[in-house]
Each structure stands twice: as C-alpha cells, then as structure tokens.
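Asker: Compute the structure for the input listed below.
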Amino acid sequence: MKMRQRKISKGFTLVELIIVIAVIAILLGIALPRLRGMIDEGNSARAAAEVRALQAAVESFFIHNARVYPAAGATWENALVAASPRLIGAALLDPFNGAVQYQYALSANGQFYVISSFGPNRAATIIGIDNTGAVTPAGATGDDIFSSNGTPGNGGF
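Answerer: Here you go, the predicted structure:
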C-alpha cells in the first residue's frame, strides 16, 4: 500500500499575511503619536533654551547700545548678529515654525520686550507687549514658550 505524502507549503497563506500587516498597522498606530509627543518635548526644551539665550543677547545689546532694545520686526535677530561684541552667531529659527525666527515684540515706549516661540500647537498666542510689561492679549500665553523683562514668569519652562 502506497502512502501519499502531503506537500508542506513553505510560504505564508494570504490570511497570515493580512494578520501580520494588521498587527504592524496597529503597532504603528500606537507608536506614531508617542513619537510626535517626544519630538514636541524635545522641541520645547530646545525652544526654552534658545529663548533664554536670546533674552541674554537682548539684554547685552541693551547694555552695549545706549540702553536701547533692538527694534521689532521680521528680522530682529539680525541686529544681535551684527552687534559688536557679537551676541549670537546666526539668527535662530523657531523649532515649531522652522521657517521663521522667534517672535519678538517691543512695547510702544521701548521699555519692555517679549521673545516667544509658537509652542507645540504651532500657533502664536502672544502677539505683543504693552507699556506696562504685560503680554497681549492680556494674560493669554497659551502654550507659547516665552521670556520677557515685563510679564513675571516664563512660559514653557
């Protein structure tokens, strides 16, 4: 009596492949939001450190330039780069909006300033600083990372 030998398949079935792909998709669905959170935490730490460094550079500019803060504007950090003694080597870009420099606002009377990063929500809540040193809109700092010589406390750190 001849026994029939059964051929053993060495590949995966379609169902097994679909299950493996589904498991990988689930793992990616869990891992990606956590990765985004870790990236935002790293960017927050970087922004906080750079905002503090910029604050030190602005204060040094004030001391070395007849007690006047740099003018506000889209390229405000260029005054710090061009200052003598050199205060920063190059304009720093906000990690939450990498195409632009950190936000800088000067009060109308020229006595108060605020330096801010957009923060993890990538939207600027702070739009300026008034003549009393309060950020505007009043009390609204959201998740912006900021430093100021007016408003007490530092956002984000």
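Asker: List the contacts of stretch 56-75.
Answerer: Residues outside stretch 56-75 that contact it (Cβ atoms under 8 Å, 6 or more residues apart in numbering) are 76, 79-80, 83-85, 87-88, 91, 100-101, 104-106, 110, 113, 115, 149. All C-beta atoms are positioned from the backbone trio N, CA, C, and that covers glycine.
Asker: State the distance from Ala91 to Asn78.
Answerer: 6 Å (Cβ to Cβ, to the nearest Å).
Asker: longest helix anywhere in this structure?
Answerer: Longest helix of the chain, by residue count under DSSP state H: helix 14-64.
Asker: Report the mean confidence score over that helix.
Answerer: Mean per-residue pLDDT for helix 14-64: 92.
Asker: and that helix, how far out from the chain's middle?
Answerer: 9 Å (Cα atoms, centre = their mean, to the nearest Å).
Asker: so after that helix, what's the next helix or strand?
Answerer: helix 77-82 (DSSP states H and E).
Asker: Output that following helix in CSV with nothing but the alpha carbons.
Answerer: Written as CSV, here are the backbone C-alpha positions of helix 77-82 (Å, rounded to 0.1, in the frame of the first residue of the first chain):
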residue,chain,number,x,y,z
GLU,A,77,17.8,88.9,15.3
ASN,A,78,20.0,90.4,12.6
ALA,A,79,20.7,93.3,15.0
LEU,A,80,22.1,90.8,17.5
VAL,A,81,24.2,89.0,14.8
ALA,A,82,25.6,92.3,13.6
